[in-house]
Each structure stands twice: as C-alpha cells, then as structure tokens.
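Enquirer: Make a model of this:
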Amino acid sequence: IGQVNEFGIRDMILKLSAYRNRYYKAQTGVDSQAFVKSTWEKLAGSRTDVSVDYFEHDRWPQPSVVMTVEGTTLKDEIVVIGGHADSIAGFFNRQRARAPGADDNASGIATITEVIKVMMDSGYQPQRTIQFMAYAAEEVGLLGSKAIANQYKREGKRVVGVVQFDMTNHKGTENLDIVFMTDYTNEAQTKFMGSLIDTYLTDVSWGYSQCGYGCSDHASWHNAGFPASMPFEST
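Expert: Modelled structure (predicted):
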C-alpha cells in the first residue's frame with residue numbers, strides 16, 4: 001500500500017481525459033486504447049510471464065486491452081481486474097463530442113494502472129493468472145466486456161473472480177468511502193473484498209448499495225456465470 005502513488009493515478013486520469021473523447025467508434029477511442037496498451041507494456045518491462053494484447057471487436061473499431069500476468073501454481077485459474085476505457089460522448093455528433101470522462105472511467109483505468117505498477121515494481125508473481133482489462137464500448141451496452149466474457153464461457157476458461165473498477169476516485173457519499181453493488185454480483189466474493197478492506201485499510205469505510213440494472217461490465221461476467229464484484233464511489 002505504501003508504494004501506491006496518488007500523483008501517478010492523477011497523471012493517468014489527466015492523460016486519458018485529455019483525449020477529445022474515447023468513444024468506441026471514434027479515432028480518439030482507438031488512439032486512447034493504444035495509449036493504455038503502451039503504458040501497460042512499459043510497466044511490464046522485460047518480464048517474460050507478462051503480455052499485453054488487443055482483444056479486437058468485429059463490429060466497431062475500438063479494441064479492448066488485456067494484460068496477462070501468468071500464474072505460477074494455479075495458472076489455469078483466472079482473476080480478472082477490469083474497467084471500461086471508453087467515454088459516453090452524449091447523444092449527438094458523438095464522434096466529435098467533447099467527453100473527457102475523467103471520473104467515468106479514466107479513474108477506474110488509472111486505479112488499475114497503479115495496481116499494475118505496484119505489482120510490476122514489487123516483482124510479484126501470483127499463483128493464479130491475473131488479467132487486467134480495459135474494455136471497449138461499455139457505454140453503449142457493455143459490448144466489449146460482453147464479447148470477452150461470452151468467449152471465455154464458450155472456451156470453458158476458469159475465471160474464479162472478477163472485479164470491476166468503474167468510477168473510483170470521487171467521494172460521492174459523505175459517510176462511505178467504498179460502496180459495493182449487490183445486484184449482478186457475487187455475495188460471497190463481495191463479503192471477502194469487504195474483509196480485505198477491514199484487514200488492510202482500517203480507516204476506510206464501506207457499505208452496500210445497488211444499481212437496479214446491469215450498470216457496468218461486472219454484469220457481463222455475472223450473466224456469463226462468473227463471480228463478480230463492483231466497488232463503487234457512492235450509493
């Protein structure tokens with residue numbers, strides 16, 4: 001925890017929100033994903049157990065980005081740490097609209113990027129395979145994560161846990177720092193994540209709320225039968 005750098009997170013948010021938008025059909029949406037991919041590749045350095053790839057989508061130009069850290073003893077079991085990288089861009093003239101998406105969801109991608117940085121700097125080698133994902137096209141129906149989750153289901157991949165970081169750096173509820181969504185999520189896994197907060201972050205408050213619909217990419221994994229959790233910034 002001491003290796004986490006607040007200003008590294010801020011810098012990633014600023015760089016992502018500097019794009020005019022990250023709309024899934026716009027060139028800027030493609031360019032911003034290239035930036036995410038190159039950033040993660042630089043963090044991986046020369047590690048041979050780490051790879052960064054595009055997950056291409058047939059129906060739109062913006063790819064998803066997947067970074068794989070191969071597990072040691074349980075590498076067939078996969079933990080997914082994800083967030084969406086696109087921005088919503090309104091309803092009209094979307095490919096040219098100004099949509100910085102600093103909170104939604106540069107914040108989540110910045111959080112994930114800092115996790116990667118700490119992991120790479122510490123030389124951590126997980127027992128299970130960890131895949132970090134920056135999804136395309138969340139704002140138009142969870143399309144990127146749905147494509148990945150459904151393909152993993154078809155291929156019989158053993159995804160043992162998924163966490164979604166979508167809007168993580170704005171304190172939106174006065175008396176709670178982290179709010180776990182209870183719909184489209186796995187109750188046991190969410191309780192486990194709450195216990196991690198209690199163990200390692202004793203000054204951080206947390207609670208529960210619900211979206212009332214499949215409000216982010218965790219729902220894609222939940223609907224495909226995988227256990228998912230979503231810690232959020234507010235009720």
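Enquirer: Tell me which strands the lengthiest strand in the chain pairs with, and in which orientation.
Expert: Identified as the longest strand of the chain according to DSSP state E is strand 74-84. Under the criterion DSSP bridges, strand 74-84 sits next to strand 128-135 (parallel), strand 158-164 (parallel) in its sheet.
Enquirer: Redo these as CSV? Include mean neighbour count and mean pLDDT.
Expert: For the C-beta atoms, the positions are set from N, CA and C on the backbone; glycine is no exception. Formatted as CSV, the strands paired with strand 74-84 follow (neighbours: other Cβ atoms under 10 Å; pLDDT from 0 to 100):
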stretch, mean neighbour count, mean pLDDT
strand 128-135, 25, 99
strand 158-164, 21, 98
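Enquirer: how far away is the nearest residue to S122 once chain neighbours are set aside from Y19?
Expert: In space, and not counting its chain neighbours, S122 is closest to Q3: 6.8 Å by Cβ to Cβ, 6 or more residues apart in numbering. From Q3 across to Y19, the span is 28 Å (Cβ to Cβ, to the nearest Å).
Enquirer: More neighbours: which of those two?
Expert: Neighbours were counted for Q3 and for Y19 using other Cβ atoms under 10 Å; Y19 has more, 21 against 11.
Enquirer: What residues does the more buried one make contact with?
Expert: 28, 31-32, 100 (Cβ atoms under 8 Å, 6 or more residues apart in numbering).
Enquirer: Scan the residues you listed and report the most crowded one.
Expert: S32 (29 neighbours).
Enquirer: Which helix or which strand is home to that one?
Expert: helix 27-44 (DSSP states H and E).
Enquirer: That helix - contacts with which helices or strands?
Expert: For helix 27-44, the elements it packs on are helix 6-17, strand 50-55, strand 64-69, helix 107-122, strand 128-135, judged by 3 or more Cβ pairs under 8 Å, 6 or more residues apart in numbering; DSSP states H and E.
Enquirer: Any chance of these in TSV with distance to L43 as columns?
Expert: Formatted as TSV, the helices and strands packed on helix 27-44 follow (distance: least, Cβ to Cβ, whole Å):
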stretch	distance to L43
helix 6-17	10
strand 50-55	9
strand 64-69	8
helix 107-122	5
strand 128-135	10
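Enquirer: one step back: enumerate the positions of the longest strand of the chain that are buried.
Expert: By neighbour count with 16 or more other Cβ atoms under 10 Å, strand 74-84 contains the buried residues 77-84.
Enquirer: With K37 as the reference, measure out to R59.
Expert: 20 Å.
Enquirer: Settle it for me: which of these two has more neighbours?
Expert: Set R59 next to K37 and count neighbours by other Cβ under 10 Å: K37 wins out with 19 against 9.
Enquirer: Touching, V163 and P227? I think so.
Expert: No: V163 is not in contact with P227 according to Cβ atoms under 8 Å; the separation is 9.8 Å.
Enquirer: Which strand or helix spans R20?
Expert: Applying DSSP H and E, one finds R20 in no helix or strand.
Enquirer: for it, what are its contacts?
Expert: R20 sits in contact with 26, 28, 96-99, where contact means Cβ under 8 Å, 6+ apart.
Enquirer: D49 too?
Expert: Counting by Cβ under 8 Å, 6+ apart, D49 has contacts 69-70, 125.
Enquirer: In TSV: the residues you listed, plus distance to M119, neighbour count and pLDDT.
Expert: Output for these, formatted as TSV (distance: Cβ to Cβ, whole Å; neighbours: other Cβ atoms under 10 Å; pLDDT from 0 to 100):
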residue	distance to M119	neighbour count	pLDDT
V69	7	23	98
E70	13	16	98
Q125	9	14	96
